[in-house]
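Asks: Predicted model, plus sequence, below.
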Amino acid sequence: MIAIPYWRLSLFYLFYFSSLGALLPYFPLYLQHLNFDAQTIGEFIAIISLTRIIAPNIWGWLADHTGKHIFFVRLGAVGALIGFCGIFLGNSYGWIMLVLVTFSFFWNAALPQMEAMTFIYLETQPERYNHIRLWGSIGFIIAVMALGWLLENYSVELLPITVAVLFVGILISSFLIVEPKNKIVQEIDVSLGSVLKRPEVIALLLVCFLNQASHTTYYIFYVIHLKEYGYTLNVTGQLIALGVIAEVIVFLVMHRLLAHFSLRNLLITSFVLTGLRWLMIGFFYQWFIILLLAQLLHAVSFGLYHSVAIRFIHQYFTGKLRGRGQALYNSVSFGAGAAMGSLISGYTWESMGAEFSYFLAFLECLVATWISWQWVSNPYNNSH
């Protein structure tokens, strides 16, 4: 049995998702501070997502063929830090686009390899993944709440400095982890193409694409939207943190849910409730109690969904396909899905309004629910 470096793995997730908690809600606000409009902001965020389509798959192929996952995690951390620091050197459209392409190419490639490596460590105890991953959620909560207060009371210009410091934390934590000895070599070797031809795998990747596309209106415009209706950054940060706290609770009890419900049924439930969440935020944002309830549904829209999706990926992509399976999940959902959602929401937000943008997100969840019902099936070792 491989010894599990619980705290070292957890520290990486803590810093990585702290940087996400800084960038995801507040970077659009920083771009607005630089006088970019909603359409341009959508294009910028789409670029970050687009690199997830290419970078994780290139790096996943290299890591699977060399067996050196941690090398590419460290290389990603170095490249992300250097690339992001370019934001201090200019603020023109072209320069910021170059900075985003450079840093996100490295930043987006690091996480899938860490996920693959974590599951190698957890080969006999995959249920412990959520107990490690929850530290990422804790980091996200700390970053969101602290920055909500910091940016409200001081200046949004502090955001790039904060993100750069968090990237340093990612880099340091990556050097505390050693490459695990992969003992999965005795598994039957299958080709990536044969796995991707399976209808249930195609369906799974498609619903992951739609789920992340539906989230982008929330990720890009939630802070801007609530600010326009009088909510302070401090309050908005607390609302976002509440959602991630609910996500942490799901991570803690996920092993109990898996003991009683099938992966397929949990996935369908997540899409139904996610669609409801977007309707609540889009049409009832003037009622604070509705916003609170909608944020609690983040436990389902991300916590439950991600736990189930990554378990599906772990069981469909085995052996030497581990790294590429995680990379494919990230590139299809957080890459292609988020890029499409970013562009659509960027174009519809000002021309059609918040309600229309969130209604489109609801429709994407509706389609994902139907596809899951029709074609997603449980892996053989989870068929309740």
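Replies: Yes, it's here.

Asks: For residue 288, see how far away residue 230 is.
Replies: Between residue 230 and residue 288 the computed distance is 11 Å (CB to CB, to the nearest Å). Just so you know, the C-beta spots here come from the backbone N, C-alpha and C atoms, and that holds for glycine as well.

Asks: Same question for residue 246.
Replies: 17 Å.

Asks: Among residue 230 and residue 288, which residue is more densely surrounded?
Replies: residue 288 (12 against 8; other CB atoms under 10 Å).

Asks: I'd like the distance between that one and residue 277.
Replies: 16 Å.

Asks: how distant is whichever strand or helix holds residue 70 from the center of its chain?
Replies: Using DSSP states H and E, residue 70 maps to helix 69-84. Its chain's C-alpha centre and that of helix 69-84 lie 18 Å apart, by CA atoms, centre = their mean, to the nearest Å.

Asks: same deal with stretch 227-246?
Replies: Computed by CA atoms, centre = their mean, the chain-centroid distance of stretch 227-246 equals 19 Å.

Asks: on that earlier part again, can you pull the buried residues of the helix holding residue 70?
Replies: With burial defined by 16 or more other CB atoms under 10 Å, the residues of helix 69-84 counted as buried are 69-70, 72-81, 83-84.

Asks: I'd like to know which elements that helix is packed against.
Replies: When contacts are defined as 3 or more CB pairs under 8 Å, 6 or more residues apart in numbering; DSSP states H and E, helix 69-84 sits against helix 38-66, helix 93-121, helix 159-174.

Asks: List of residues touching the helix or strand hosting residue 370?
Replies: For residue 370, the element it lies in under DSSP H and E is helix 354-375. Identification of contacts with helix 354-375 by CB atoms under 8 Å, 6 or more residues apart in numbering yields 199-200, 202-203, 206-207, 210-211, 213-218, 221, 225, 264, 267-268, 271-272, 274-275, 278-279, 281-283, 285, 341, 344-345, 348-349.

Asks: Please pick the buried ones from those residues.
Replies: Among the contacts of helix 354-375, those classed as buried by 16+ other CB under 10 Å are 203, 206-207, 210-211, 213-218, 221, 225, 264, 267-268, 271, 274-275, 278-279, 281-282, 285, 341, 344-345, 348-349.

Asks: Identify those among these that sit within helices.
Replies: 203, 206-207, 210-211, 213-218, 221, 225, 264, 267-268, 271, 274-275, 278-279, 281-282, 341, 344-345, 348-349 (DSSP state H).

Asks: ok, now which ones touch the spatially closest residue to residue 75 that is not a sequence neighbour?
Replies: Of all residues beyond its chain neighbours, the one nearest residue 75 is residue 106 (7.2 Å), with distances taken as CB to CB, 6 or more residues apart in numbering. By CB under 8 Å, 6+ apart, residue 106 lies in contact with 55, 75, 76, 77, 78, 79, 80, 83.
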